[in-house]
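In: using only what follows, build the 3D model:
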Amino acid sequence: MTPVTELFIIEDHPIYIEGIKNVFDVKADKMFVGGWATSAEEAREKLKTSNADVILLDLNLPGESGVDFCIEIKSDYKNKKVIALTAETDTEILFNVWMNKVDAIIMKLSGKDILIDTIHSVLKGKREIGKDVPPFFDLSVSPKISNKPILTKREYQVLNLLISGNIRKEVAEKLNVTIDTVDTHCKNMFKKFDVNSLQKLLTELKNLKLIH
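Out: Next up, the predicted model:
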């Protein structure tokens, strides 16, 4: 018997969520939407109890971008696949979420068949870039791309507040997130640069000329 795949949607437009929910027929497609959230903060709580196999992630979310949130999801839920379902055409943003280990990127204008095929593909362990996604991996025309680890916009915000003398609780209050979220961002930054403290992170960033 073909297993049924559970999906979780992270998208800030409720009407779009309803549309995705109505796309799938659990009997015919062997897929269903088991949960959804309209922000990263809401998703962070709901994912703790979600059995979803695949997360459909919008990249433009209120408060915290899907690009930033992707790396947290991939770190905390290693068995869940993440598909960026987006209308984003900024190649730097697309590159960043790809480097944050998203399993696939497809455009919101893609049809049901493409979405289902992409879900099947990532469940088999493949990574996919939809044919309509703007090219973002050509090194000859993308000078912003390098082999250096990349800090997300939110990670830079956390880092700058910590450098300014704020403790993690104060950083959380200023960014209107939980202290667990700040801890996760710190953990991700340390992991990217293979360090275990803020001081060592700053030294490494200066050595790589990513900060002054």
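In: where does pLDDT dip in this protein?
Out: 1-2, 137-148, 210-212 (pLDDT under 70).
In: show me the domain layout of it.
Out: The chain is divided into the following domains under automatic domain parsing: 5-129, 153-207.
In: from one end of the shortest one to the other, what's the distance?
Out: Okay, so that is domain 153-207. Taking CA to CA, to the nearest Å, the first and last residues of domain 153-207 lie 20 Å apart.
In: could you pull out the helices in the chain for me?
Out: 14-23, 26-29, 40-46, 66-76, 91-99, 112-123, 153-163, 168-175, 179-192, 198-207 (DSSP state H).
In: for the longest one, packing partners?
Out: Contacts of helix 179-192 with other secondary structure elements, assessed using 3 or more CB pairs under 8 Å, 6 or more residues apart in numbering; DSSP states H and E, are made with helix 66-76, helix 153-163, helix 168-175, helix 198-207. Any C-beta I mention is one placed from the backbone N, CA and C, and that applies to glycine too.
In: show me how far the second one is from its chain's centre.
Out: Spelled out, it's helix 153-163. 18 Å (CA atoms, centre = their mean, to the nearest Å).
In: same check on the shortest one?
Out: For helix 168-175, the distance between its averaged C-alpha position and the chain's averaged C-alpha position is 21 Å (CA atoms, centre = their mean).
In: repeat that for the first one.
Out: Computed by CA atoms, centre = their mean, the chain-centroid distance of helix 66-76 equals 4 Å.
In: pull the residues that contact that helix.
Out: Residues outside helix 66-76 that contact it (CB atoms under 8 Å, 6 or more residues apart in numbering): 10, 40, 43-44, 47, 55, 57-61, 80, 82, 84, 86, 93, 96-97, 100-102, 152-155, 181, 184-185, 187-188, 191.
In: the spatially most central residue of the chain - nearest residue in space that isn't next to it in sequence?
Out: Among the residues of the chain, the one closest to the centroid is Cys70, at 1.7 Å (CA atoms, centre = their mean). The spatial neighbour of Cys70 that comes closest, neighbours along the chain excluded (CB to CB, 6 or more residues apart in numbering), is Asn100 at 4.5 Å.
In: which ones are touching the residue nearest to Phe95 when sequence neighbours are not counted?
Out: Among residues not flanking Phe95 along the chain, Phe136 sits closest, at 4.5 Å (CB to CB, 6+ apart). Going by CB under 8 Å, 6+ apart, Phe136 touches 91-92, 94-95, 98, 142.
In: OK, contacts around the closest residue to Leu115 other than its chain neighbours?
Out: Nearest residue to Leu115, sequence neighbours excluded (CB to CB, 6+ apart): Ile106, at 6.8 Å. Contact analysis of Ile106 by CB under 8 Å, 6+ apart lists 83-86, 114-115, 118, 128, 130, 132-133.
In: one more: Thr203?
Out: So Thr203 contacts nothing (CB under 8 Å, 6+ apart).
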